[in-house]
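# let me see the structure of the following:
(4 chains)
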Number of protein chains: 2
Amino acid sequence: MVGRPRRTDVDEGVLRAATELLLARGYAGLSPDEVAERAGIAKTTLYRRWPTKDHLALAVVNRLQDHDEITDTGDIRRDLPAYLEKIAAGLNRMRAAGRAPDDDDASAGTVAELVAAAARHADVGELERQMYARRNTLARALLERARDRGQLRADLDVEALFDQLAGALYYRVLITGSPVGRAYAERLVETALRGALSENG
Amino acid sequence: MVGRPRRTDVDEGVLRAATELLLARGYAGLSPDEVAERAGIAKTTLYRRWPTKDHLALAVVNRLQDHDEITDTGDIRRDLPAYLEKIAAGLNRMRAAGRAPDDDDASAGTVAELVAAAARHADVGELERQMYARRNTLARALLERARDRGQLRADLDVEALFDQLAGALYYRVLITGSPVGRAYAERLVETALRGALSENG
DNA sequence: GGGATTACGCTACTCAGGTAGCGAAAAGGA
DNA sequence: TCCTTTTCGCTACCTGAGTAGCGTAATCCC
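Numbers count the residues shown, from 1 in each chain, chains lettered A, B, ... in the order given. You can find the predicted model right below:
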């Protein structure tokens, strides 16, 4: 490596400042100018590391993700709602970013902006998908173990099932604005596990 | 009514121009300046009718929705995939807006921008939800008829089921970037109808 | 101790979405 | 006819995201 090295403390300072701003004022309030000022660097330096505000915002959210482990008690009816609730908690945190504590409008806030960011920049989309990938791998493994144990159908379409569960959560947050919580996670799992057909359907 | 009346032909001209731009160049290429110019009006007039670009874009998409009727043959296994396919077709059309015919990257394009627009402006969100409401009502009625016929469980959670089906489509378009089409719609319905549990689960 | 190379900070700039303010035009009502 | 009201078009402006270009600082290599 040749040339002047990057200051190693800049990334952390920037992400700290950006996190504060994003949580306090939401996506619209995340101003690159102000982040640079708070972090004590020049705006051009900021842009050298994160080429757009969208990139910066994703970096912030990525760092905020708790690297949740999955608990596998052996009973899919317990483990699955618990895991969905974790996903929902993450969504609700992002949904709440930048608004007053008593503000319960339907807006999806930061979640929606990140989805749009992924659509605007191919590389942001790529990173975002990697962020989800670990989580999805865990969930898929959970389902596959339950299937191997004989609790779930041998010919179950695991991908479709997981899309349905995670999808319903995102759908409510992004599209309908309905609440997602423990109770809803349980309804979801119950509906998906039992199926919709009647005995003679 | 007093005062100078609005020109009645402006709305149509603007929406025509905006539709052309949105379909040809995508959301980022939908420039209010250019729309106004093409429609032969002043930019300030445009903003008097649609207060932001997001409002304008929603108006365009709303007009593009085909007011699809639902077909109810009496067999939910046929009707449900058919209906999901219609939703998917709408999503794929928006997904394709503004890109080259051979461009099949994962981006959600206009769909994602509309979701973000709903998050940015409460009234846009409200309108968007109304747009979905009619569709959801139809689907819910379809499911309820099937339940009343005895094809679906009497105690089925219709809301959760619909969230799962529609949610999976949106999830793939917005989050994972996977394709949604006829084949996927059928996997989805099959998985949701049969349920995930094994016989002895 | 020189280059070569890369990062930093600064100033100045572009570009797009959106706004302010004003004079003129098109109506209805007295 | 004149007054009020509202729309229209225009010019000028604001704001926030992002860029160009330059002088200077820090490092590696010879």
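# near DNA strand D, which residues of chain A are found?
Within chain A, the positions lying close to DNA strand D (Cβ under 7 Å from any atom of the strand) are A:1-5, A:30-33, A:43-44, A:47, A:51-54. C-beta here means a position set from N, CA and C on the backbone, and glycine is covered the same way.
# mind checking which helix or strand the nearest residue to A:Thr176 once chain neighbours are set aside is in?
For A:Thr176, ignoring the flanking residues on the chain, the nearest one in space by Cβ to Cβ, 6 or more residues apart in numbering or on different chains is B:Arg129 at 6.6 Å. Using DSSP states H and E, B:Arg129 sits within helix B:122-149.
# re earlier: neighbours of the residue nearest to A:Thr176, how many?
B:Arg129 has 15 neighbours, counted by other Cβ atoms under 10 Å in any protein chain shown.
# so the residue in chain A that DNA strand C sits nearest to: helix, strand or coil?
For chain A, the nearest residue to DNA strand C under the criterion Cβ to the nearest atom of the strand is A:Gly3, separated by 1.9 Å. Put simply, A:Gly3 is coil when judged by DSSP: H, G, I helix; E, B strand; the rest coil.
# give me the angle between the helix or strand bottoming out on mean pLDDT in chain A and helix A:122-148.
Using mean pLDDT, DSSP states H and E, the weakest-scoring helix or strand in chain A turns out to be helix A:76-96, at a mean of 91. In terms of direction (axes from the mean of the first three to the mean of the last three Cα atoms, to 10 degrees), helix A:76-96 departs from helix A:122-148 by 160 degrees.
# mind listing what's buried along helix A:76-96?
For helix A:76-96, the neighbour count (16 or more other Cβ atoms under 10 Å in any protein chain shown) marks A:76, A:79-81, A:83-88, A:90-91, A:93-96 as buried.
# same question, stretch A:193-201
Buried residues in stretch A:193-201, counted by 16+ other Cβ under 10 Å: A:Leu193, A:Arg194, A:Gly195, A:Ala196, A:Leu197, A:Ser198, A:Gly201.
# check stretch A:48-58 too.
For stretch A:48-58, a neighbour-count test (16+ other Cβ under 10 Å) marks A:Trp50, A:Lys53, A:Asp54, A:His55, A:Leu56, A:Ala57, A:Leu58 as buried.
# grab the nearest non-local neighbour of the closest residue to chain B within chain A.
Residue of chain A nearest chain B, by Cβ to the nearest Cβ: A:Gly195 (2.3 Å). Leaving aside its sequence neighbours, A:Gly195 sits nearest to B:Gly195 (Cβ to Cβ, 6+ apart; 2.3 Å).
# distance check, the closest residue to A:Arg93 other than its chain neighbours against DNA strand D.
Nearest non-adjacent residue to A:Arg93, counting by Cβ to Cβ, 6+ apart: A:Leu64, 7.6 Å away. A:Leu64 sits 19 Å away from DNA strand D, going by Cβ to the nearest atom of the strand, to the nearest Å.
# can you check A:Leu156 too?
43 Å.
# correct me if wrong, but that residue is in a strand.
No. In this structure, A:Leu156 is coil, not part of a strand, as judged by three-state DSSP.
# how about the residues of chain A that lie near DNA strand C?
A:2-7, A:10, A:40-45, A:48-49.
# I'd assumed A:Thr8 was in a strand, is it?
No. Looking at A:Thr8 with three-state DSSP, it is coil, so not inside a strand.
# need phi/psi at it.
phi -80, psi -20 (degrees, to the nearest 10).
# what's the local residue count around it?
A:Thr8 has 7 neighbouring residues, counting by other Cβ under 10 Å.
# export stretch A:115-135 to CSV, keeping only CA atoms.
What follows is stretch A:115-135, C-alpha atoms only, in CSV (Å, rounded to 0.1, in the frame of the first residue of the first chain):
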residue,chain,number,x,y,z
VAL,A,115,-35.8,-0.2,0.0
ALA,A,116,-35.8,2.7,-2.4
ALA,A,117,-32.0,3.2,-1.9
ALA,A,118,-31.5,-0.4,-2.9
ALA,A,119,-33.5,0.3,-6.0
ARG,A,120,-31.5,3.4,-6.9
HIS,A,121,-28.0,2.0,-6.5
ALA,A,122,-27.2,-1.6,-7.6
ASP,A,123,-24.4,-1.8,-5.0
VAL,A,124,-26.6,-0.7,-2.1
GLY,A,125,-29.0,-3.4,-3.2
GLU,A,126,-26.3,-6.0,-3.2
LEU,A,127,-25.2,-5.1,0.3
GLU,A,128,-28.7,-5.0,1.6
ARG,A,129,-29.4,-8.5,0.2
GLN,A,130,-26.2,-9.7,1.9
MET,A,131,-27.5,-8.2,5.1
TYR,A,132,-30.7,-10.2,4.9
ALA,A,133,-28.9,-13.3,3.6
ARG,A,134,-27.4,-14.4,6.9
ARG,A,135,-30.8,-14.1,8.6
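# one step back: okay, the residue of chain A closest to chain B and B:Leu193: tell me how far apart.
A:Gly195 sits 6 Å away from B:Leu193, going by Cβ to Cβ, to the nearest Å.
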